[in-house]
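**Q** A predicted structure for the sequence below; I have some questions about it.
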There are 2 protein chains.
Amino acid sequence: MAELGEDSAREVISRIVVRDIRFPTSRYLDGSDAMNPDPDYSAAYVTIYTSHNNSGDGFVFTIGRGTDIQVNAIAALEGLLVGLSVDDLFSDMGAFWRLLTYDSQLRWLGPEKGVVHMAIGAVVNAVWDMFAKREGVPLWRLLSSFTPQEIVNLVDFRYLTDCLTNAEALAILEKAAPSRDERSQDLVDNGYPAYITSAGWLGYSDEKVAVLVAEALARGFTHLKMKVGRDIDDDVRRVAMVRALVGPDVKLSVDVNQTWEVDEAIANTRRLGEHGIYWVEEPTSPDDVIGFGTIARAVHPVKVATGEHVANRVMFKQFLATGAMDVCQIDACRVGGVNENISILLLAAKFGVPVCPHAGGVGLCEVVQHLSMFDYIAVSGTSENRWIEFADHLHEHFVEPALVRDGRYRAPQGPGSGASMLAASLDEYSFPGGPTWSTSNE
Amino acid sequence: MAELGEDSAREVISRIVVRDIRFPTSRYLDGSDAMNPDPDYSAAYVTIYTSHNNSGDGFVFTIGRGTDIQVNAIAALEGLLVGLSVDDLFSDMGAFWRLLTYDSQLRWLGPEKGVVHMAIGAVVNAVWDMFAKREGVPLWRLLSSFTPQEIVNLVDFRYLTDCLTNAEALAILEKAAPSRDERSQDLVDNGYPAYITSAGWLGYSDEKVAVLVAEALARGFTHLKMKVGRDIDDDVRRVAMVRALVGPDVKLSVDVNQTWEVDEAIANTRRLGEHGIYWVEEPTSPDDVIGFGTIARAVHPVKVATGEHVANRVMFKQFLATGAMDVCQIDACRVGGVNENISILLLAAKFGVPVCPHAGGVGLCEVVQHLSMFDYIAVSGTSENRWIEFADHLHEHFVEPALVRDGRYRAPQGPGSGASMLAASLDEYSFPGGPTWSTSNE
């Protein structure tokens, strides 16, 4: 019976709760772009509970319809989670990632892409959130406390070894290790550079854009991004207008949200480039490694950026190794969570490509900042030519909202990954039962 | 009130029913391979009903766990379907494909990959099934009755135009058009070549493989495929054994099911190639266009085959345009249904790559044969160096089982796409409530 006694003392995952949370952002055209005219920013939000009443939060960012599909997929993972020892998980998070990703029957539904892979990412991130909370530190600090070998152990090198071996990854991390402390201190003192997207949503009027651009400059941003891709003549007009507003020294990037063909992307980027464009983001399909390479070579010195819809590390590997991605835009919730994002940070470091995360949406700023900060301290060792995206929406619903001052993200200090939403917000925006949706006619 | 009267006469989609159907194939190691040791061959099976009580069937092939996720995703599409005019659908199936695929909120969950994209594929295929049934012809004959321009109108050229334009597609189809009738007659008289996979599942004993190989030869097959990828020394031994059994003239291909790294794939394929290998299938990640290209150049004259897990036409485009895929293995249920598969047939024709569909599983033979037959009649115009995969499992559950005689698929003659299962089978294998599952301890 000793074993039973031990078992009851052993902390295990006991249950998960998944919620469909939707914000009615389409009512105000917040977040509107050429591909996504009317998103309702949403989250398939998961809380993992343990037998000892600890918990961790994670989510998949979605934009409305289909959040129910994503919620259901996360819920379907419960059977793989319940009963797992928390200590075992924390001592080998690489094995935990493989446990979920290598499940052969679930893998068939991707493999390693789409709804199932994002569900795995949410669950992996939620366990990381629990881990950081138990240690009482922010996730960036937890990750930065690991030795190079411990970090390598988090990574799945499957399908990467032709471009990044275990030994190469270790060498990258060891090179950065001796100077971690000074960058950690710099981060706490000075924060991490941000760029802002809030100014240029496609659905906004010229007047609203002008007001927001002035606000962005006043808040210390030196890099702004606007949405384009609906009508190239109007795009050129709007970019010229914003360029006139910001002057020659502010960096201005444009986001096409996948709406162009390869040839079109080249011609249009050249036209926009006449007004000084830093990067062109998602000019075409996020699956088109070869097409992106063609575009990148043709539009240089304008940089080509992508990543928020790149499905997994195998796709990132190809973009990075072939020069098809000048700017690597990781997303906290698209790939298989923290572990897979670390493999992408290592690939980017190997190929010398700056990581500028996708953020905005619901909670993406709150979570992804931890990865850039870890990258700065322990992987690439630099924040030069790197910015984390910032957008102004929905931060008030998070326990520790991302904090940007003087155009820089302040390093979060609270424990966890940043994913935790306020209980009141979870109740208010539950779909379809929450007050926002059940009392609305829209 | 005239309008109301018209509406009641107008045939519209009225509801969809989605079922979770699972066969306990893991009990016998049918279908076992290096990546998938214990699949329970399954289907997320949808029937779309109209106001006039017509219907069409489609499905996503799955392998057990996660079928519920896929079922839920298909069910979530009901709101986009109900109320659509059946005549409008049939008169512009290209628009129907875009209606589903371009839904911006759902698109976020892919884009165009994974659970949501496969759900769209099942629904698109079910409407094609309904269309062919209304015309009273098999799907291959319906598709082959369209003019080149009508076929082009089914295709979405978004993201393809750098490699295949509307005009190029039309030229391919027009070239084949004058001689369609003779190939159609040849198909009815002689069928379409098949290869067989049933002999070489990884979980089978040497004795069972030897018996099945002898059976396959006696049944007229001249091309066999075996599973490898678990242990290369044992793979070499098994391939040598089968080569000795079949003699030098039978084509022998191997399927790795994604288990090798790029370098490993090259070394292992060369070893197996000493025993005369026709193609090596899925040597590594199905997302790795660049890796496949490297392998293809290194292992020539062994051909590299892939496609059953390639997510969409954008990925196929890259594989085909860069010589990373010597054999194009379309799957009836992985991409967005008939429409997207037609775009892939056209890409393959443009780049001169033979299409040898993935089949087996649940119902894949029954459905995908229609696409190869259409390819023969109206697109590539040849069946040379082309075979449709055949595996012996689960055909008895279909209304019109695929029929292979003398190593060739006989052209199906019944109306529809081949997707319809018998009502008794749907009841028996419903998960978890059907008799097979509710009375089992496994």
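**A** Received the coordinates, thanks.
**Q** Where does chain A get nearest to chain B, residue-wise?
**A** A:Gly114 (1.5 Å; CB to the nearest CB). For glycine as for every other residue, the C-beta is placed from the backbone atoms N, C-alpha and C.
**Q** give me every residue that touches that residue.
**A** A:311, B:109-110, B:113-117, B:311 (CB atoms under 8 Å, 6 or more residues apart in numbering or on different chains).
**Q** quick one: which of these is nearest to B:Asp263?
**A** Proximity of the contacts of A:Gly114 to B:Asp263 (CB to CB) peaks at A:Ala311, which lies at 23.2 Å.
**Q** Grab the nearest non-local neighbour of the closest one.
**A** Distances taken as CB to CB, 6 or more residues apart in numbering or on different chains put A:Lys113 closest to A:Ala311, at 3.8 Å, once the chain neighbours are dropped.
**Q** ok, now A:Pro248?
**A** A:Gly276 (6.8 Å).
**Q** And A:Asn339, by the same measure?
**A** Sequence neighbours aside, A:Trp97 is the residue nearest to A:Asn339 in space, at 4.2 Å (criterion: CB to CB, 6+ apart).
**Q** So that neighbour sits against A:Phe157, correct?
**A** No - using CB atoms under 8 Å, A:Trp97 makes no contact with A:Phe157, being 11.8 Å away.
**Q** Around chain B, pick out the residues from the stretch 151-300 of chain A.
**A** Residues of the stretch 151-300 of chain A that fall close to chain B, judged by CB under 8 Å from any CB of the partner chain: A:158-159, A:161-162, A:258, A:261-263, A:284-291, A:294.
**Q** still on that earlier bit, my reading is that the residue nearest to A:Asn339 is in a helix; is that accurate?
**A** Yes - judged by DSSP: H, G, I helix; E, B strand; the rest coil, A:Trp97 forms part of a helix.
**Q** pLDDT below threshold where in the stretch 151-300 of chain A?
**A** Within the stretch 151-300 of chain A, the segments meeting pLDDT under 70 span A:200.
**Q** Tell me where it has strands.
**A** In the stretch 151-300 of chain A, the strands defined using DSSP state E, counting those that start in this stretch lie at A:192-200, A:223-227, A:251-255, A:279-281.
**Q** And A:Ala402, how close does it get to A:Ala359?
**A** Distance of A:Ala402 to A:Ala359, given as CB to CB, to the nearest Å: 8 Å.
**Q** scratch that, A:Thr294 is what I was asking about
**A** Distance from A:Thr294 to A:Ala359, by CB to CB: 28 Å.
**Q** Please identify which of these two sits among more neighbours.
**A** Remark: of A:Thr294 and A:Ala359, A:Ala359 carries more neighbours, 29 against 19, as counted by other CB atoms under 10 Å in any protein chain shown.
**Q** quick revisit: tell me the buried residues within the residues of the stretch 151-300 of chain A next to chain B.
**A** Applying 16 or more other CB atoms under 10 Å in any protein chain shown to these, the neighbour count classes A:158-159, A:162, A:258, A:261-262, A:284-291, A:294 as buried.
**Q** what two of those have the greatest distance between them?
**A** The widest separation within these (CB to CB) is 33.2 Å, between A:Arg158 and A:Glu261.
**Q** so where does the residue nearest to the spatial centre of chain A fall, helix or strand?
**A** For chain A, the residue nearest the mean C-alpha position is A:Asp331 (2.3 Å; CA atoms, centre = their mean). Per DSSP states H and E: A:Asp331 is located in neither a helix nor a strand.
**Q** could you pull out the helices for the stretch 51-200 of chain A?
**A** For the stretch 51-200 of chain A, helices defined by DSSP state H, counting those that start in this stretch occupy the ranges A:67-75, A:78-81, A:86-91, A:93-101, A:104-107, A:114-135, A:139-144, A:148-154, A:166-176, A:180-190.
**Q** got the ones you listed as JSON lines, with distance to A:Ser253 columns?
**A** Shown next, in JSON lines, are the helices of the stretch 51-200 of chain A (distance: least, CB to CB, whole Å):
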{"stretch": "helix A:67-75", "distance to A:Ser253": "29"}
{"stretch": "helix A:78-81", "distance to A:Ser253": "39"}
{"stretch": "helix A:86-91", "distance to A:Ser253": "39"}
{"stretch": "helix A:93-101", "distance to A:Ser253": "32"}
{"stretch": "helix A:104-107", "distance to A:Ser253": "36"}
{"stretch": "helix A:114-135", "distance to A:Ser253": "26"}
{"stretch": "helix A:139-144", "distance to A:Ser253": "25"}
{"stretch": "helix A:148-154", "distance to A:Ser253": "30"}
{"stretch": "helix A:166-176", "distance to A:Ser253": "27"}
{"stretch": "helix A:180-190", "distance to A:Ser253": "23"}
